[in-house]
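Engineer: no sequence on this one, just coordinates:
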């Protein structure tokens, strides 16, 4: 659904840009001149947005998280797009640098407006998710407080304090969150899970996993060895390939962007310090392979 929202914002911004730049009489032809090139960029942006998590768990995040995530991702996507414009300019009949700047402004305004409206629409008009929270853990308390302060994120929470209240659950929640410590060590809770909740097919989740889905981070106090074993899983070759391409693109973009600053810093290091400007060190990377790490020297003068 959010991909459709982005697609609408992309093409609406493209239409707005050509109308603004070329006027009502020439905008029709200009739109189709820009259509293919910008459609390729939109596909790239869709991949970047997906990797940045902008298509995941929409109703769990509010407008504040959206702004903090969306704006840096748009900046990165814009920088990569500008570099691609320069690289492939000889192959294209267009050189839409000014047009692209107008497009970015229009898209940022439109897509943020669409996404915020979409968040509000889901929370107000869609079926809200009923959540039952059981336990006295810190994660349960933080999630309950978060839901009470952010009603628009689409959850109707209620707190269960006694084990006896876990069954029967009326009304039945869409998801039951149980404190991880209780699931691990409370025999009464474990018996309730096996004898009542599982046979009744009640969907439940431990508080640590639910906390991670809500706040997009793991509570540090709950990290144990088995968590790392469960989450360090091999990714597909396609995932690593896309990740590699994006990493290289971001690295090149950052290098070009900060090259003037790095040259100035390198000159200052050379003038104020002894020895080489760059410091190198061999480190171990993925799979045990070695790579050389470079950084500007920071030794005292």
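Structural biologist: Here it is on my side, so go on. Everything numeric in this text was worked out from a predicted model, so none of it was measured.
Engineer: Beyond the strand or helix carrying residue 43, next helix or strand please.
Structural biologist: Counting by DSSP states H and E, the element that carries residue 43 is helix 2-51. Beyond helix 2-51 on the C-terminal side, the first helix or strand identified by DSSP H and E is helix 63-87.
Engineer: Can you list the helices and strands that that next one packs against?
Structural biologist: Helix 63-87 is packed against helix 2-51, helix 97-125, helix 237-272, with contacts defined by 3 or more C-beta pairs under 8 Å, 6 or more residues apart in numbering; DSSP states H and E. No exception for glycine: its C-beta is placed from N, CA and C like everyone else's.
Engineer: low-scoring stretches of the stretch 101-250 of the chain, by residue?
Structural biologist: Low-confidence regions of the stretch 101-250 of the chain, defined here as pLDDT under 70, cover residues 119-128, 150-154, 216, 220-236, 239.
Engineer: Which parts of it are strands?
Structural biologist: Counting by DSSP state E, counting those that start in this stretch, one finds strands in the stretch 101-250 of the chain at the ranges 129-134, 155-160, 175-178, 204-206.
Engineer: re the thing from before, TSV for the helices and strands packed on helix 63-87, including distance to residue 210 and mean neighbour count?
Structural biologist: As requested, the helices and strands packed on helix 63-87 are arranged in TSV below (distance: least, C-beta to C-beta, whole Å; neighbours: other C-beta atoms under 10 Å):
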stretch	distance to residue 210	mean neighbour count
helix 2-51	22	16
helix 97-125	18	16
helix 237-272	25	12
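Engineer: does residue 107 really touch residue 7, like I thought?
Structural biologist: No. Under the contact definition of C-beta atoms under 8 Å, residue 107 does not touch residue 7, with a separation of 11.2 Å.
Engineer: Now do residue 9 against residue 34, distance only.
Structural biologist: The spacing between residue 9 and residue 34, counted by C-beta to C-beta, to the nearest Å, is 16 Å.
Engineer: How is the chain divided into domains?
Structural biologist: Structural domains of the chain, as assigned by automatic domain parsing, span the residue ranges 2-125, 129-231, 237-296.
Engineer: Mind giving me the packing neighbours of the helix holding residue 43?
Structural biologist: With contacts defined as 3+ C-beta pairs under 8 Å, 6+ apart, the secondary structure elements packing on helix 2-51 are helix 63-87, helix 97-125, helix 237-272.
Engineer: Give me the pLDDT value at residue 81.
Structural biologist: At residue 81 the predicted local distance difference test score is 79.
Engineer: I meant residue 1, not that one.
Structural biologist: 61.
Engineer: circling back: just want the angle from the helix holding residue 43 to helix 97-125.
Structural biologist: Between the direction of helix 2-51 and that of helix 97-125, the angle (axes from the mean of the first three to the mean of the last three C-alpha atoms, to 10 degrees) works out to 110 degrees.
Engineer: Tabulate the strands of the stretch 101-250 of the chain (CSV), appending mean neighbour count and distance to residue 274.
Structural biologist: Below are those laid out as CSV (neighbours: other C-beta atoms under 10 Å; distance: least, C-beta to C-beta, whole Å):
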stretch, mean neighbour count, distance to residue 274
strand 129-134, 20, 61
strand 155-160, 17, 60
strand 175-178, 22, 59
strand 204-206, 18, 56
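Engineer: between the helices and strands packed on helix 2-51, which one is nearest to residue 196?
Structural biologist: With C-beta to C-beta, the closest approach to residue 196 among the helices and strands packed on helix 2-51 belongs to helix 97-125: 31.4 Å.
Engineer: Just name whatever secondary elements that closest one is in contact with.
Structural biologist: Under the contact rule (3+ C-beta pairs under 8 Å, 6+ apart), helix 97-125 is packed against helix 2-51, helix 63-87.
Engineer: Let me see the contact set for the nearest residue to residue 211 once chain neighbours are set aside.
Structural biologist: Of all residues not flanking residue 211 in the chain, residue 139 sits nearest, at 4.1 Å (C-beta to C-beta, 6 or more residues apart in numbering). Taking C-beta atoms under 8 Å, 6 or more residues apart in numbering as the criterion, residue 139 is in contact with 179-180, 207-208, 210-211, 219, 222.
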